[in-house]
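Engineer: just a sequence and a predicted model for now, questions to come.
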Amino acid sequence: MNKHILIIDDDIKLIELLTEYLEQNQFRISYLLDGRHALEKISDKTPDLIILDYMMPGKDGLEVLRDIRTRHDLPVIMLTARGDDTDKIVGLELGADDYLAKPFNPRELLARIKAILRRQAIPSLISVQKNDCILQVDGLVLNRAAHTVEIKGRCTDLSTTEFNILEVLMKNPNRVLSRDQIMNMAKGRDFMAFDRSIDIHISKLRSKIEDDPSSPKRIKTVWGSGYMLTESL
């Protein structure tokens, strides 16, 4: 069955353009012209991915994203006509998986959609053998098949991008990885978006897996080089 994408945007012309283009590439499309009923729409028929506009009347994209993250761990690509880096930072902090500034080439959006969905599809291709599905580092357990993370027996919710970054780090314990290496391995493509987004994702990840995010023990910053997951606390 074709993947289902929900577009939430008040620009009907853009919706029509994206619908035609994405349907030509074998996606099923539904849309909303504002975010007021986003949760109802998602609960009624859960999409595989959401394209969410930043600027909308009534309820802006950040409010909608915040609502979505209270109930769903769905990949979200945010669109914005504003070039302000602050907007990008806030969107990523709230759990957006990717960010694209308008105007954009539909082919680039398609590439980003496919990269995110490809990463999500990886667990279903992994062997069902436990050792192939589960990564463990000092009380941190990542189950790729179930797409879950436990810390000392307690489940924690991660966004798709946070999960992918943590998986990369756990597969390379005690090894320093540059920002580019992490994002390329986590997203399955060369990282062309907002340069500081890796730092935002790492900060969010630390807030969820560290005992004291202000003094992280698991994910270490190696100044001038990148990040490293320590194998022994």
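Structural biologist: Cool, got the structure.
Engineer: chain neighbours aside, what residue packs nearest to Asp98?
Structural biologist: Ile77 (4.6 Å; CB to CB, 6 or more residues apart in numbering). Just so you know, the C-beta spots here come from the backbone N, C-alpha and C atoms, and that holds for glycine as well.
Engineer: just confirm that neighbour is within a helix.
Structural biologist: No: Ile77: not assigned to a helix; according to DSSP: H, G, I helix; E, B strand; the rest coil it is strand.
Engineer: how much space separates the spatially most central residue of the chain from Val149?
Structural biologist: Nearest to the geometric centre of the chain sits Asp97, at 2.7 Å (CA atoms, centre = their mean). Using CB to CB, to the nearest Å, we find Asp97 at a distance of 16 Å from Val149.
Engineer: repeat for Leu169
Structural biologist: Distance from Leu169 to Val149, by CB to CB: 12 Å.
Engineer: who's more crowded, those two?
Structural biologist: Legend: neighbour count by other CB atoms under 10 Å for Leu169 and Val149, higher for Leu169 (26 against 23).
Engineer: what are the phi and psi values for that one?
Structural biologist: Phi and psi for Leu169, reported as degrees, to the nearest 10, are phi -70, psi -40.
Engineer: going on from the lowest-mean-pLDDT helix or strand in the chain, what's the next piece of helix or strand?
Structural biologist: Of all helical and strand segments in the chain, the minimum by mean pLDDT, DSSP states H and E falls on helix 130-133, at a mean of 55. Downstream of helix 130-133, the first helix or strand assigned by DSSP states H and E is strand 134-137.
Engineer: give me the sheet partners of that next one and which way each runs.
Structural biologist: With DSSP bridges as the test, strand 134-137 is paired with strand 140-143 (antiparallel).
Engineer: what residues of the partner strand count as buried?
Structural biologist: By neighbour count on 16 or more other CB atoms under 10 Å, the buried set for strand 140-143 is 140-142.
Engineer: the closest residue in space to Asn143 that isn't next to it in sequence: neighbouring residues, count only.
Structural biologist: If the residues on either side of it in the chain are set aside, Asn143 comes closest to Ile134, at 5.3 Å by CB to CB, 6+ apart. When neighbours are defined as other CB under 10 Å, Ile134 has 15 of them.
Engineer: likewise for Asp212?
Structural biologist: Residues lying near Asp212 (other CB under 10 Å) number 8.
Engineer: give me the pLDDT value at it.
Structural biologist: pLDDT recorded at Asp212 is 90.
Engineer: in what helix or strand does it lie?
Structural biologist: Per DSSP H and E, there is no helix or strand for Asp212.
Engineer: if you count neighbours, what's buried in the longest helix along the chain?
Structural biologist: If you go by DSSP state H, the chain has its longest helix at helix 106-125. Across helix 106-125, burial judged by 16+ other CB under 10 Å covers 109-110, 112-117, 119-120.
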